[in-house]
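Chemist: Sharing a sequence plus its predicted fold:
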Amino acid sequence: MLRSGWHIHRDGHDATVKGATAIMNDTTGKRPETATFGAGCFWGVEETFRHVAGVESTAVGYLGGTLENPTYADVCRGRTGHAEVVQLTYDPSVVSYQELLRVFWENHNPTTRNRQGMDFGSQYRSAIFFHSPDQESTARKSKEERQPQGHFKRKIVTEITPASMFYPAEDYHQQYLAKRGARACHV
């Protein structure tokens, strides 16, 4: 778990958790792990994952593009290559990566390229950014299992790529829906 506040800073060089110390789980000796998902507008994705038991912290931001230290305006212009993502820290003794993938698949449409509902553009693409070889193989297997079983009528277009530099979104985007007492973006 992380101690102290989840205060993220943006200095253009790294995206670290300021004032947080990773500690091992007292019962399993496991350290928390990181997962990163893109599934449309990051406000709703973050709110969904915040309610999963074992998810210790969430942050919304930008990943997968070429511009260093992008802003929301930069990403919305669609020229940076970044996806809107939620990056979360979770306790693997409470929630498995497979369970996080289940939540991911069930809470967006992975068959629409660069679109979720009324939001369109490459920043809204369906994406899994893996942080380890185990996450990569688990994500690929999960995607393969969903297609032939008829979970979705169309081909899944979710990209599965290595996590690159995560740039936290501006403070007003963090836990945006929770700050407003909402659980979803939809009208």
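Modeler: Arrived safely, thanks for sending. Residues are numbered from 1 along each chain as shown.
Chemist: hey, let's count contacts and neighbours off CA atoms from now on
Modeler: OK.
Chemist: Helices of the chain, start to end?
Modeler: For the chain, the helices defined by DSSP state H cover 42-50, 72-76, 97-106, 133-146, 176-179.
Chemist: okay, those, which one's buried deepest?
Modeler: Highest mean neighbour count of the helices of the chain: helix 42-50, a mean of 23 (counted as mean count of other Cα atoms under 10 Å).
Chemist: Show me what that helix is packed up against.
Modeler: strand 55-63, strand 83-90, helix 176-179 (3 or more Cα pairs under 8 Å, 6 or more residues apart in numbering; DSSP states H and E).
Chemist: Could you tell me the least trusted of the ones you listed?
Modeler: Mean pLDDT values for these show the minimum at helix 176-179, a mean of 77.
Chemist: Residue ranges in the chain under the pLDDT threshold?
Modeler: Under the criterion pLDDT under 70, the flagged ranges of the chain are 1-29, 148-151, 182-183, 185-187.
Chemist: Dump the helices of the chain to a markdown table, plus distance to Met118.
Modeler: Shown next, in a markdown table, are the helices of the chain (distance: least, Cα to Cα, whole Å):
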| stretch | distance to Met118 |
| --- | --- |
| helix 42-50 | 13 |
| helix 72-76 | 14 |
| helix 97-106 | 18 |
| helix 133-146 | 24 |
| helix 176-179 | 18 |
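Chemist: Among these, which comes closest to Gly65?
Modeler: helix 72-76 (8.9 Å; Cα to Cα).
Chemist: what does that closest one contact?
Modeler: Tyr62, Thr80, Gly81, His82, Ala83, Gln123, Ala169, Glu170 (Cα atoms under 8 Å, 6 or more residues apart in numbering).
Chemist: List the contacts of the fifth one.
Modeler: For Ala83, the contacting residues are Gly38, Tyr62, Leu63, Gly64, Gly65, Val75, Ser122, Gln123, Tyr124, Arg125, Ala127, taking Cα under 8 Å, 6+ apart as the criterion.
Chemist: quick one: the closest residue to it other than its chain neighbours and His108, what's the gap?
Modeler: Excluding the flanking residues, the one nearest Ala83 by Cα to Cα, 6 or more residues apart in numbering is Gln123, at 3.9 Å. The gap separating Gln123 from His108 is 14 Å, by Cα to Cα, to the nearest Å.
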